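>>> Kindly generate the corresponding structure for this input.
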Amino acid sequence: SLFFMAGPARDDKAFAGQTSLHHVCKSAEISKLMKLLRALKAVGSDLRAMDTVDGRGFTPFHVACAGGHAQVRRSHSGVPVRAILFGSGHAHCCGSGCPQVVETLCHAGCDTSLRNADGCTGWELAESLERAAVLALNNEELTITSQRARARRELELAGANSPTITLTKKGAGLLQHESY
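Now for the predicted structure:
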């Protein structure tokens, strides 16, 4: 990948702490993202990996929402947003964010409420950078989807370390069993 930064010099500290998930999100390769998320889930590290921040406080979700070329814009409060972004080589993401990556991360349970070093969520970053493709997504619906997926995954992870609880409900003369 090519690294670009608006300003006189590139700040290598900004890229410190980036994980494989950050890199896959900026490349916008959905098949690689799905494989990596499955591998992380298999070892119980998927939620932690999605919450990992780099030197800018960007999670993989921030990277996906920002997508495209380097730009520095102003947030709603007028504060410059340090958008040290990456050339992805994928025409569907450059300059518009990466909607498929955003959706995939939300369905996997990323935390959309985390803020970067400038105090922006991924959604706010997409808005300040005018990432049309990400802004076209229903962020309220995807945030709810993400919260539900995260809660299910947290229950799965907790269940791996504790006994299964089975509840029995009687409705319409049938017994239903649900395990948690």
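
>>> Chain neighbours aside, what residue packs nearest to residue 99?
residue 133 (4.5 Å; Cβ to Cβ, 6 or more residues apart in numbering). (Glycine included, C-beta is placed from N, CA and C.)

>>> Tell me which helix or strand that neighbour sits in.
helix 132-135 (DSSP states H and E).

>>> can you pull the buried residues of that helix?
Residues of helix 132-135 classed as buried by neighbour count (16 or more other Cβ atoms under 10 Å): 133, 134, 135.

>>> Quick check: residue 59 touching residue 112?
No. With contact defined as Cβ atoms under 8 Å, residue 59 does not count as touching residue 112 (9.1 Å).

>>> what's near enough to touch the nearest residue to residue 18 once chain neighbours are set aside?
Leaving aside its chain neighbours, residue 18 sits nearest to residue 54 (4.5 Å; criterion: Cβ to Cβ, 6+ apart). Shown in contact with residue 54 (Cβ atoms under 8 Å, 6 or more residues apart in numbering): 14, 15, 16, 17, 18, 22.

>>> pretty sure residue 54 is in a strand, no?
No. Assessed with DSSP: H, G, I helix; E, B strand; the rest coil, residue 54 is coil; it does not lie in a strand.

>>> Need the pLDDT of it.
Residue 54 is assigned 93 on the pLDDT scale.

>>> what do you get for the one 3 residues further on?
What the model reports as pLDDT for residue 57 is 94.

>>> swap in residue 98?
87.

>>> before we move on, what about residue 51?
Residue 51 is given a pLDDT of 93.

>>> Contact partners for it?
So residue 51 contacts 59, 110, 111, 114 (Cβ under 8 Å, 6+ apart).

>>> Please go through the chain and pick out the longest helix.
Looking across the chain with DSSP state H, the single longest helix is helix 139-160.

>>> Need the residues that contact that one.
Contacts for helix 139-160 (Cβ under 8 Å, 6+ apart): 41, 44, 46-47, 102-103, 105-113, 123, 180.

>>> filter those to the buried ones?
Buried among those by 16+ other Cβ under 10 Å: 41, 46-47, 102-103, 105-106, 108-112, 123.

>>> May I see the residues you listed arranged in a markdown table, with pLDDT as well?
Output for those, formatted as a markdown table (pLDDT from 0 to 100):
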| residue | pLDDT |
| --- | --- |
| 41 | 94 |
| 46 | 92 |
| 47 | 93 |
| 102 | 96 |
| 103 | 96 |
| 105 | 96 |
| 106 | 96 |
| 108 | 96 |
| 109 | 96 |
| 110 | 96 |
| 111 | 96 |
| 112 | 96 |
| 123 | 96 |
